[in-house]
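Colleague: A predicted structure for the sequence below; I have some questions about it.
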Amino acid sequence: VLLYGDRENNFVQEDTWAPITLSFGAAVATGKPDRGRIDSVGIMVTDDGQGKVEVDLAGIALVDAPKQGVVSFTFDDGYKEHVAAARMLAERDWTGTFYVIPQLVGTHPAYLTEADVAEIGKLGFDVAAHDDPPLTQVPPAELEPRMRGIQEWLAKHGFAEGGRHLAYPLGKQEPKRVRPTIARVFTTARLAGGGPETLPPADPHLLRAWNVTASTTPEQVGEAARRARDNHEWLILMFHWLPDETE
């Protein structure tokens with residue numbers, strides 16, 4: 001479980017309890033071990049040389065795996081080209097979630113218009129909640145009203161169900177103020193990284209994702225999807241800009 005310099009991006013943060021699930025997909029196995037006979041677990045912690053590291057464990061358990069893996073397509077920020085993405089997914093009878101920033105809809109040619117958002121909905125896709133500033137920068141008294149306002153916009157445009165789900169802006173969150181508020185308002189909230197998620201996830205308001213960037217190859221995406229299939233994981237693919245040319 002990696003920790004980054006920008007602590008607001010961390011799945012695990014200091015001085016707070018965090019449920020963590022780990023998939024066998026991340027394991028390096030020697031031989032062909034019988035998972036059903038695991039009777040011990042070892043934990044190794046490495047630091048950055050900045051001081052003493054302590055880890056407290058409340059408990060460890062094996063969780064039954066789901067019957068199959070799942071791959072989810074998600075698109076952030078509401079860019080104009082996401083209409084093309086929705087059409088391509090619809091042609092293949094695939095589903096996806098489009099996290100839009102309501103205050104940016106129709107404000108610039110690079111962003112979706114209200115008509116574009118309506119088309120995405122007619123194609124059968126969820127349109128969900130996103131925002132522009134990191135929620136850690138929103139004043140405490142303004143956070144919940146701001147989130148409720150985004151939900152109201154989505155409901156007004158026919159996406160009340162999608163309005164129950166949020167993508168954290170820049171993936172930033174913290175456990176004392178932001179996450180409790182988000183848990184009151186939304187059913188799920190997705191991070192901006194962390195790798196494949198498990199089924200069930202450790203925390204529905206800390207859903208991990210795999211960031212597909214300009215340097216990500218189709219082969220890498222395919223390998224990640226196969227890992228989700230073979231290990232019954234939940235692979236949440238996160239897209240922003242799309243490539244100029246598609247294969």
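Modeller: Structure received. Since we're looking at a predicted model, the values are computed, not measured. Residues are numbered from 1 along each chain as shown.
Colleague: what sits against the residue positioned nearest the centre of the chain?
Modeller: What sits nearest the mean C-alpha location of the chain, by Cα atoms, centre = their mean, is residue 190, with 3.2 Å. Neighbouring residues of residue 190 by Cβ atoms under 8 Å, 6 or more residues apart in numbering: 74, 99, 165-168, 207, 209, 236, 238. Where you see a C-beta, it was placed from the backbone N, CA and C, and this is true even at glycine.
Colleague: mind giving me CSV with those residues and columns for pLDDT?
Modeller: As requested, the contacts of residue 190 are exported to CSV (pLDDT from 0 to 100):
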residue, pLDDT
74, 98
99, 98
165, 98
166, 98
167, 98
168, 98
207, 96
209, 95
236, 97
238, 97
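Colleague: Tell me the spacing between the residue nearest to the centre of the chain and residue 171.
Modeller: According to Cβ to Cβ, to the nearest Å, residue 190 and residue 171 sit 8 Å apart.
Colleague: what does residue 93 give?
Modeller: 30 Å.
Colleague: And for residue 74?
Modeller: Residue 74 is 12 Å from residue 171, by Cβ to Cβ.
Colleague: Also residue 40?
Modeller: According to Cβ to Cβ, residue 40 and residue 171 sit 34 Å apart.
Colleague: And the strands in this protein?
Modeller: For the chain, the strands defined by DSSP state E occupy 70-76, 96-100, 126-129, 165-167, 188-194, 207-211, 234-239.
Colleague: for the chain, longest helix please?
Modeller: helix 140-156 (DSSP state H).
Colleague: Give the buried residues for that one.
Modeller: Using 16 or more other Cβ atoms under 10 Å as the test for burial, helix 140-156 gives 143, 146-147, 150-151, 153-154.
Colleague: which residues in the chain form helices?
Modeller: 82-91, 114-122, 140-156, 178-185, 218-231.
Colleague: residues in contact with the third one?
Modeller: What that stands for is helix 140-156. Contacts for helix 140-156 (Cβ under 8 Å, 6+ apart): 102, 127-131, 135, 138, 160, 162-164, 166, 177-178, 181-182, 184-186.
Colleague: again, but for the fourth one
Modeller: When contacts are taken as Cβ under 8 Å, 6+ apart, the neighbours of helix 178-185 outside the stretch itself are 135-136, 143-144, 147-148, 151, 166, 168, 173, 189, 205-206.
Colleague: could you dump that helix to CSV, C-alpha only?
Modeller: C-alpha atoms of helix 178-185 as CSV (Å, rounded to 0.1, in the frame of the first residue of the first chain):
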residue,chain,number,x,y,z
VAL,A,178,-14.1,15.5,3.7
ARG,A,179,-14.8,11.8,3.8
PRO,A,180,-17.5,12.0,6.5
THR,A,181,-19.3,14.7,4.5
ILE,A,182,-19.0,12.7,1.3
ALA,A,183,-20.3,9.6,3.0
ARG,A,184,-23.4,11.5,4.0
VAL,A,185,-24.1,12.7,0.5
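Colleague: quick one: it to helix 140-156, angle?
Modeller: Angle, helix 178-185 to helix 140-156, by axes from the mean of the first three to the mean of the last three Cα atoms, to 10 degrees: 40 degrees.
Colleague: can you check the first one too?
Modeller: Angle of helix 82-91 versus helix 140-156, following the same axes, to 10 degrees, is 50 degrees.
Colleague: From the contact counts, what lies against helix 82-91?
Modeller: On a contact count with 3 or more Cβ pairs under 8 Å, 6 or more residues apart in numbering; DSSP states H and E, helix 82-91 meets strand 70-76, strand 96-100, helix 114-122.
Colleague: which strands and helices sit next to the last one?
Modeller: Just to be clear, that refers to helix 114-122. helix 82-91, strand 96-100, strand 126-129.
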